[in-house]
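S.K.: Provided below for reference: sequence and predicted model.
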Amino acid sequence: MNKIRFTLKAFAFLVFTLACATAAQAQATRTWVSGVGDDANPCSRTAPCKTFAGAISKTADGGEIDCIDSGGFGTVTLTKSVTIDGQGTLAGILAAGTNGVNVNDSGSGAPNTKIVKLRNLSIQGVGTGLVGINFTSGKAVFVENCFISGFKAGSGHGITVSLTVGGSSLSVSNTSIEDNSGDGVRATTTTGTLRVGIDNCRLDKNNNGAHALVGSLFVISRSELSNNVTNGVFVENTASANVDSCFIHSTATGAATGSGINAASSGIVRLANNNIVGQQNGVNIAGGTVFTFGDNKIRGNVNDVTGGTLDASTTKQ
């Protein structure tokens, strides 16, 4: 009888130990992926996982996923605060027929609080992808040093933000978003204000380079918006955009509605120190308002300014 009790206790202790070990793996603050990894691994440095989806389940809230070597690490849905960093490697996400990265903390138990950082990633839709980065619930998303291209099915956006609460933000820096059938960056919220920052980026060969809709406030600086099909910057439905020190060119030449800047349906745009050239319409005031600080170079368009007059009545400070 004592031997049986001892055996049962030993077995229970073993089960407890294994459970604790599994929990410890699930709560790792730093996990790793490799092109030759395996998602059955604990995602440690010496036993990495194969995909971001495999690693995220073993990464603690607020943790980080890093890449040991180059590889295609698959699409991923992020429901917690996490950093994914591919620095020093070719860290790819191939999203044929789907979204590359989904950010949605609505089922996390603490919705609209999670912060996601995506760094040094190549996110490819290869012509059939839906959205490169799809942000539907969370506190903030940072996109740094990334390349997003080839999303041409469905909505076909590079980055889209569609929220139901205010106070969240998207920050995009040092990133190229190109050759998508929809918008390069598109953002809206049904409540409050959504802040979008775009700095030192290239938005090229999309439908609209940047598209600000209801509730969004864009700040676009030091960026190039070129060869987009319809508009470089499109602001509508009471949204607003501050555009500073940007080069906007070769957008929809010959298209009656194609514009470098399009302020529609109560949209507000503020321009400072921009070069706008080579469009059908340099600035199109189509129901919105465009303020200028008087230091922009708007020349060489079929129509430099159409639909109204740039408003320079605000104090230049």
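M.R.: Happy to help now that I have it. Residues are numbered from 1 along each chain as shown.
S.K.: C-alpha coordinates for stretch 150-163, CSV please?
M.R.: Output in CSV follows, covering the C-alpha atoms of stretch 150-163 (Å, rounded to 0.1, in the frame of the first residue of the first chain):
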residue,chain,number,x,y,z
GLY,A,150,1.4,43.0,-53.4
PHE,A,151,-2.0,43.1,-51.6
LYS,A,152,-4.4,43.1,-54.5
ALA,A,153,-7.4,40.9,-53.6
GLY,A,154,-10.4,42.1,-51.6
SER,A,155,-9.7,45.5,-50.1
GLY,A,156,-6.0,45.3,-51.0
HIS,A,157,-4.7,47.8,-48.5
GLY,A,158,-1.1,47.9,-47.2
ILE,A,159,-2.2,49.0,-43.7
THR,A,160,-5.8,49.4,-42.6
VAL,A,161,-7.0,50.7,-39.2
SER,A,162,-10.7,50.3,-38.4
LEU,A,163,-11.6,50.9,-34.7
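S.K.: got a list of what residue 184 touches?
M.R.: The neighbours of residue 184, taking Cβ atoms under 8 Å, 6 or more residues apart in numbering as the test, are 157-159, 177-178, 203-204, 206, 208-211, 225, 228. To be clear about C-beta, it is placed using only N, CA and C from the backbone, and glycine gets the same treatment.
S.K.: and with 6 Å instead?
M.R.: With contact taken as Cβ atoms under 6 Å, 6 or more residues apart in numbering, residue 184 is in contact with 158, 177, 203, 206, 209.
S.K.: quick check: pLDDT value at the residue nearest to the fourth one when sequence neighbours are not counted.
M.R.: Of all residues not flanking residue 206 in the chain, residue 184 sits nearest, at 4.1 Å (Cβ to Cβ, 6 or more residues apart in numbering). Reported pLDDT at residue 184 in the predicted model: 98.
S.K.: how much space between residue 185 and residue 220?
M.R.: For residue 185, the distance to residue 220 equals 9 Å [Cβ to Cβ, to the nearest Å].
S.K.: shared neighbours of these two, which are they?
M.R.: With Cβ under 6 Å, 6+ apart, residue 185 and residue 220 have common neighbours residue 210.
S.K.: those two: who's more crowded?
M.R.: Taking neighbours as other Cβ atoms under 10 Å, residue 185 and residue 220 compare with residue 185 leading, 31 against 28.
S.K.: ok now do that one, which residues does it touch?
M.R.: When contacts are counted by Cβ under 6 Å, 6+ apart, residue 185 touches 159, 210.
S.K.: just the CA atoms of stretch 192-209, as PDB, please.
M.R.: This file holds the C-alpha atoms of stretch 192-209, laid out as PDB (Å, rounded to 0.1, in the frame of the first residue of the first chain):
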ATOM      1  CA  GLY A 192     -13.100  59.800 -30.700                       C
ATOM      2  CA  THR A 193      -9.800  60.400 -32.500                       C
ATOM      3  CA  LEU A 194      -7.400  58.000 -34.100                       C
ATOM      4  CA  ARG A 195      -3.900  59.400 -34.500                       C
ATOM      5  CA  VAL A 196      -1.800  58.200 -37.400                       C
ATOM      6  CA  GLY A 197       1.800  59.200 -37.800                       C
ATOM      7  CA  ILE A 198       3.800  58.500 -41.100                       C
ATOM      8  CA  ASP A 199       7.400  59.600 -41.100                       C
ATOM      9  CA  ASN A 200      10.200  59.000 -43.600                       C
ATOM     10  CA  CYS A 201       8.100  56.500 -45.600                       C
ATOM     11  CA  ARG A 202       7.500  55.800 -49.300                       C
ATOM     12  CA  LEU A 203       3.900  55.200 -50.400                       C
ATOM     13  CA  ASP A 204       4.100  54.200 -54.100                       C
ATOM     14  CA  LYS A 205       1.800  52.700 -56.600                       C
ATOM     15  CA  ASN A 206      -1.300  52.200 -54.400                       C
ATOM     16  CA  ASN A 207      -4.800  53.500 -55.100                       C
ATOM     17  CA  ASN A 208      -4.500  56.300 -52.500                       C
ATOM     18  CA  GLY A 209      -1.200  56.700 -50.800                       C
END
